[in-house]
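Visitor: I would like to see how this sequence folds:
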Amino acid sequence: MPDRIDINCDMGESFGVYKLGRDKEVMDYISSANIACGWHAGDPLVMEETVRLAKEKGVAVGAHPGYPDLLGFGRRRMDLTPSEIEAYILYQMGALSAFAKAHGLQLQHVKAHGALGNVAFVDLETSKTIARAAARFSKEIIFVALAGSVMVQAAKEVGVRFVEEVYADRVYNPDGTLQSRKIPGSVIHDPEKAAKQALTIIQQGYVLAHDGTKVKVKPDTLCIHGDTPGAIAILQKIREELKKASIAVKPMGQ
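Guide: Sure thing, here's the model as predicted:
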């Protein structure tokens with residue numbers, strides 16, 4: 001059983017006068033921040049403030065690139081070539097890296113957002129494209145892959161560092177992918193239920209899918225969505241249960 005886990009969360013998703021998420025509060029409970037890079041959410045001022053806050057809280061920073069789709073929050077699939085996806089990933093990582101460097105930090109990881117991530121969960125070529133962009137950016141960067149998915153295979157084939165990611169607040173399909181948000185109940189809002197799922201994953205190496213199937217997963221990093229109602233209560237409950245189980249919370253790069 002693992003004696004440590006990383007907790008990551010999507011951050012910096014406000015835009016202009018529009019405020020999304022509770023970044024200041026969430027930062028107290030996580031170890032890695034996936035920061036929006038201005039294409040699905042975020043803007044230069046939000047990126048600056050989120051990196052500054054992460055440094056203040058001792059949270060590692062990573063890029064959270066998505067499709068160029070502010071109106072759709074990056075959750076609408078786009079028909080792009082591999083070359084376009086690779087360039088878009090590099091562009092967004094470069095933008096966030098500038099703010100990290102200005103604060104004396106380095107990017108720890110890259111995690112695809114929204115529809116781009118959903119495609120990568122099941123499409124090997126898309127996963128390899130994202131992994132190649134990560135490897136071209138830095139040999140030290142960590143590619144965040146959905147546990148047990150083709151993303152893991154892509155990381156191995158490309159030769160990039162990677163961690164396998166699991167979710168405490170999402171419902172799983174029997175094939176190990178995440179149930180679509182369009183289906184009611186796909187996001188878990190109950191802190192007790194989310195904490196139980198997190199502990200089962202970490203301690204027993206499986207998650208129960210919506211049909212009761214036991215899906216084997218390897219937990220390196222645990223994702224919590226900070227923009228969902230009750231996110232703080234979920235994080236508090238998970239941290240409480242991890243402490244009881246003597247499981248430390250550390251950034252994935254350590």
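
Visitor: residue 151: what secondary structure?
Guide: Of the three states, residue 151 takes helix under DSSP: H, G, I helix; E, B strand; the rest coil.

Visitor: pLDDT score for it?
Guide: The model reports residue 151 with a pLDDT of 98.

Visitor: do the same with residue 230
Guide: If you check residue 230, the pLDDT there is 87.

Visitor: how about the nearest residue to it, chain neighbours excluded?
Guide: Setting aside the residues directly before and after it, residue 230 is nearest to residue 189 in space (CB to CB, 6 or more residues apart in numbering), at 5.0 Å. Heads up, the C-betas are built off the backbone N, CA and C, glycines and all.

Visitor: and for residue 187?
Guide: residue 228 (5.7 Å).

Visitor: what sits against that neighbour?
Guide: Residues in contact with residue 228 (CB atoms under 8 Å, 6 or more residues apart in numbering) are 169, 187, 189, 234.

Visitor: out of those residues, which are buried?
Guide: 169, 187, 234 (16 or more other CB atoms under 10 Å).

Visitor: ok, the first one - contacts?
Guide: It stands for residue 169. By CB under 8 Å, 6+ apart, residue 169 lies in contact with 187-189, 194, 197, 223-225, 228, 231, 234.

Visitor: what's the distance between it and residue 245?
Guide: According to CB to CB, to the nearest Å, residue 169 and residue 245 sit 19 Å apart.

Visitor: same thing with the second one?
Guide: When distance is defined by CB to CB, residue 187 is 24 Å away from residue 245.

Visitor: one step back: how about the buried ones among the contacts of residue 228 in JSON lines, adding pLDDT, secondary structure and distance to residue 17?
Guide: Output for these, formatted as JSON lines (pLDDT from 0 to 100; DSSP: H, G, I helix; E, B strand; the rest coil; distance: CB to CB, whole Å):
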{"residue": "169", "pLDDT": "95", "secondary structure": "coil", "distance to residue 17": "27"}
{"residue": "187", "pLDDT": "94", "secondary structure": "strand", "distance to residue 17": "26"}
{"residue": "234", "pLDDT": "96", "secondary structure": "helix", "distance to residue 17": "27"}
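
Visitor: need the contacts of residue 169 in TSV with distance to residue 250, can you?
Guide: Below are these laid out as TSV (distance: CB to CB, whole Å):
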residue	distance to residue 250
187	26
188	24
189	27
194	20
197	20
223	15
224	16
225	21
228	24
231	21
234	20
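
Visitor: now, these that are in strands?
Guide: 223-224 (DSSP state E).

Visitor: did I read that right, residue 10 in a strand?
Guide: Yes. Residue 10: assigned to a strand according to three-state DSSP.

Visitor: partners of it in the sheet?
Guide: Following DSSP bridges, residue 10 is listed with bridge partners residue 34.

Visitor: so where is the stretch 101-250 of the chain shaky, pLDDT-wise?
Guide: Within the stretch 101-250 of the chain, no range satisfies pLDDT under 70.

Visitor: would you map the strands across it?
Guide: Under the criterion DSSP state E, counting those that start in this stretch, the stretch 101-250 of the chain contains strands at 109-110, 142-146, 161-167, 206-208, 214-216, 221-224, 248-249.

Visitor: what ranges do the helices span in the stretch 51-200 of the chain?
Guide: With DSSP state H, counting those that start in this stretch, the ranges of helices along the stretch 51-200 of the chain come out as 82-102, 114-122, 124-137, 150-158, 191-204.

Visitor: helices and strands around the last one, which ones?
Guide: Helix 191-204 makes packing contacts with strand 206-208, strand 221-224, helix 231-244 when contacts are defined by 3 or more CB pairs under 8 Å, 6 or more residues apart in numbering; DSSP states H and E.

Visitor: quick one: list the elements packing against the second one.
Guide: The one in question is strand 221-224. So strand 221-224, by 3+ CB pairs under 8 Å, 6+ apart, packs with strand 4-11, strand 161-167, helix 191-204, helix 231-244.

Visitor: fine by me, we can end here.
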